[in-house]
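Peer 1: Below is the sequence, then the predicted model.
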Amino acid sequence: MSHSLRNHRVGTLIKNFQRFESTGVSSNPKHIKEVWSNFQIRPTSLKIDNTEIKKGIFNKVDENRGPLSISEVAQRLTYHSPNEIDETFKQAYEILQNKANETYTRIQSLEKKLNQTDNELEQLNLKNTLDKLKIEAEKENPEVLYNVNYNSSDSLDKSHPVYRYYLKDKWQNQGLMLTMQRLETLHVIPDTLPTFEPSVEVKVKFPHNKDPEFGNWITPGDILPAFAVEQPPTISIQEFDRIDGQDLYTIVLVNPDTPDLVKNSFSTTLHYGLTNVSLNNVDNIIGSEKLLENQDSIIFKPYLPILPEKNAGKYQRACLWVFKQTKELTDLSKIEREDFNIRSFSKLNDLIPVGAHVWRQHFDRSVPSIREKYGLGKGRVFHRVRGTTPVPNPKKDKKKEEENPKEE
Amino acid sequence: MIGGLRRSAIRAYATKSSPIISSSLLLSRNPVVTADLDPFQSQFYKYQQELWRRLMWTFPKWFYFREGTLAEQRYRQLNRDPVAYNPDLEFPRGKPEIRHRRDRRFKQEIKLPKTYKLAEDLAEGETLPVVSKNDLARQIIPNSRITEADKVNDLTSLERKLSRTLYLIINQNGKWILPNFTEQSSEVPTALHKLAEDGLYQLGGEKINYFNVSNTPCHLHINQAENKKEFIIKSHILSGEFKPQDESLKYLWLTKEELKDKLDAKYYYEINHLFSDV
Amino acid sequence: MFKGSIPVNGSSRIISNVINVFTRGKRTKATNVVNASTQKIVNQLSALSASRKQPKLIRLCQEDLIKHQTIMNAWRVVQRRNEQKRNNQLKKQYQSIVNAMEDLKTSHPALYKFANYKPKDGTRFPLDLRMPTDFPPNKPWVYDYVPAETNEKRAKQ
């Protein structure tokens, strides 16, 4: 009995094997070939834009002209490629492309399946597998490698999963570690929020600055002068997972170092609040355009630069928090700037912190003029040494301090 | 009536349930030379070799050839100095950087003086001197990886396809199979590997040096046509001649791919994982 | 200074010799001489030392770096594929051993015992097994093997 059973099993195995072999060819008449030079089923963003550089990669580097990636002509001519690199590259490309051909054949059959199903869960699963397969098919493409390594990350096509995969890799190896280190050493964690799991890359720049030192993306933890932060910042929020449609975000900029004379301590002030900002993988920058377009719907607290008063601590931290919303929020404009409690704010509105950024500011000579522009008055001047006791009568003191500078 | 039915049923069951236990021999000849590389592999090794040579330290000539000797002179004749840097000349492809008579931007190619003469070195009218096989100065030419047996495609030779593993199959009743041996007397059971060993001696003579991998069978093939359980024993032939004792025996030494053509498709599919790819 | 002004002939050589003698800080021959055994050691050490023998570092341009990365990627893919194939085959081989032994256990316990026997003297591995070489030996196969202990071998089991 058992023998015949086993034999039967072997027989079916062979049948399956043969069927697999035969259907492998017949059911896919359009077996994909040379997929990496086929831009009908793939986006053109997977191509190297510079045709000269592309020639240098796929053909031999021209000895009389040298590699085009070296900008200096004299240096370019002295370059010597290693022997045998081109012949080996050709074969390597062939092998990798054949692997990609197979993956794309699978991708096409899955896409067909995706078009046929109505089940949402199945669709989601299929989309996730498709993303994985697309990464697998394009990860080793030399053109993609070139774009990732030598083009700026702003110019990459973030709608394609392979670029997001490489950007995420880059971010996790540098940007993420740097940000977390700055957030922790500057005690943004836990002074504002206890902790969080970063999943998006947050970048900030102040485009009104002509000086590239302040006009480019700022490094977390930088000390910025008051004139550099005069206008609202441009914020880029890069998601690495695929977003179908749009996701809503809330962004707040808080200063946890506002002097609180009554308690002889510090309080948190809300300086900027955006909510219901809809973003996706590609449309991921909150710049002046976006702000002007939907000013009323997304700004719940207009931008007020952090302008530290004289001797108010060594520096004040500007903590920018990015939250993912679980629902659309309304009625946030009632929130006061002073004594802002970011923890209860995020809890009340079911916000999930996904990213953060921080920079520092202290009093400098550009502070008074900008205070004036925003109608804040001249600002207090504190004693250089911080007292040990709370100020007994805060209201009187406040008045006095307001009067004093005027008299001077 | 009922009893008769039962008896016949038992008899049928009894004949079916006692298959003959036999042992098959998977005798292989291991590769004599290293495996053939596929084109990408050999090209990759070539590339790595180039990188390695490019990064190699300069050959310390002074250590091997003493200054002023005849050998040094011969070495210098063969290895010309590279073009040195001259401030009066223009070097569009980069200034040469000579250290110890080597341009350190490139790999160093060293030619050593030969101890023998080649046909292209001869002057006109000269003939190649006869060199004895024991002459230490003779040119070393490695043996060819392709043997005579490959050229005439002698499938029964142990010298064919030196880079591959060969397996022995024999023809039985017009069918190619692995040699299969059944026990003759069943008073004392013979171990499976012993059965296979005795069978091999009967089949190919006793002048065979073989290595039995294990007493454990590596596969069980159920031969329903002959009601047999065939336990396959793995063995390597190390030296000696496989000389069929029976003149009419047809046998072949084949690689995995060739076995696919000769063996029954179902049979091959069942046991193909036992064969080596190299 | 003298290079351009004085023609290269006998007189210039004399002058340059004179200059050599009077150059300050220049090592003269007397201090340079080492005895033969020291020279030998210096030679030997210099063969080992990296001084002036190291080539220039390879600095690949962007194009070639991408090519190199692609080559290494392909190599990794090929290696992984081969490894996977080998592992699959080994798994199948193991499974078929298990199947065979399970069957033997029930169908013929005596043979099962024989099949499980493992000699413990450690002499099983044949010393005649030959490692593959790049090129074959003069005689690719040894035909004239004479079994010395055939009878002994037979008596053993």
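Peer 2: The structure has been received and is ready for your questions.
Peer 1: C-alpha from now on. contacts and neighbour counts both.
Peer 2: OK.
Peer 1: Count the residues that sit near whichever residue of chain A sits closest to chain B.
Peer 2: Residue nearest to chain B within chain A (Cα to the nearest Cα): A:Thr78, separated by 4.2 Å. Around A:Thr78 sit 17 other residues, with neighbours defined as other Cα atoms under 10 Å in any protein chain shown.
Peer 1: and it, how far is that from A:Ile70?
Peer 2: Computed with Cα to Cα, to the nearest Å, the distance linking A:Thr78 and A:Ile70 is 10 Å.
Peer 1: was I right about the residue of chain A closest to chain B contacting B:Arg93?
Peer 2: Yes: A:Thr78 is in contact with B:Arg93 according to Cα atoms under 8 Å; the separation is 4.2 Å.
Peer 1: For burial, what's the neighbour tally of C:Leu45?
Peer 2: Other residues near C:Leu45 number 12, with proximity taken as other Cα under 10 Å.
Peer 1: so does stretch A:76-92 get close to chain C?
Peer 2: Yes: applying Cα under 8 Å from any Cα of the partner chain, one finds stretch A:76-92 touching chain C at A:Ser81, A:Ile85, A:Asp86, A:Thr88, A:Phe89, A:Ala92.
Peer 1: Please identify which helix or strand holds the third one.
Peer 2: When secondary structure is defined using DSSP states H and E, the element that contains A:Asp86 is helix A:85-116.
Peer 1: Please identify the buried residues of that helix?
Peer 2: Applying a neighbour-count criterion of 16 or more other Cα atoms under 10 Å in any protein chain shown, one finds A:85-86, A:88-93, A:95-101, A:103-105, A:107-108, A:110, A:114 buried in helix A:85-116.
Peer 1: near chain B too, which of the residues you listed?
Peer 2: Okay, of the buried residues of helix A:85-116 touching chain B (Cα under 8 Å from any Cα), that's A:Ile85, A:Thr88, A:Gln91, A:Ala92.
Peer 1: now those residues as TSV including pLDDT?
Peer 2: TSV is the format used below for these (pLDDT from 0 to 100):
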residue	pLDDT
A:Ile85	96
A:Thr88	97
A:Gln91	97
A:Ala92	97
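Peer 1: quick one on the thing from earlier: please enumerate residues in contact with whichever helix or strand comes after the helix holding A:Asp86?
Peer 2: Going down the chain from helix A:85-116, the next helix or strand is helix A:120-138, by DSSP H and E. Taking contacts as Cα atoms under 8 Å, 6 or more residues apart in numbering or on different chains, the residues outside helix A:120-138 that touch it are A:99-101, A:103-104, A:107, A:110-111, A:114, A:117, A:144, A:161-162, A:165.
Peer 1: Name the weakest-confidence residue in those residues, if you would.
Peer 2: When these are compared on pLDDT, A:Thr117 comes out least confident, at 91.
Peer 1: any idea how far it is from B:Thr190?
Peer 2: Per Cα to Cα, A:Thr117 is found 63 Å from B:Thr190.
Peer 1: Could you check which of the two has the larger neighbour count?
Peer 2: More neighbours sit around B:Thr190 than around the other of A:Thr117 and B:Thr190, counting by other Cα under 10 Å; the figures are 17 against 12.
Peer 1: How about exporting stretch A:55-65 as CSV, limited to the C-alpha atoms?
Peer 2: Taking Å, rounded to 0.1, in the frame of the first residue of the first chain, the C-alpha atoms of stretch A:55-65 are listed here in CSV:
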residue,chain,number,x,y,z
LYS,A,55,28.0,55.9,-22.6
GLY,A,56,30.9,55.9,-20.2
ILE,A,57,29.3,53.2,-18.1
PHE,A,58,28.0,51.0,-20.9
ASN,A,59,30.9,51.4,-23.3
LYS,A,60,34.5,51.7,-22.5
VAL,A,61,35.7,55.0,-21.0
ASP,A,62,37.1,56.9,-24.0
GLU,A,63,40.8,57.1,-23.6
ASN,A,64,41.2,60.3,-25.5
ARG,A,65,38.5,62.1,-23.5
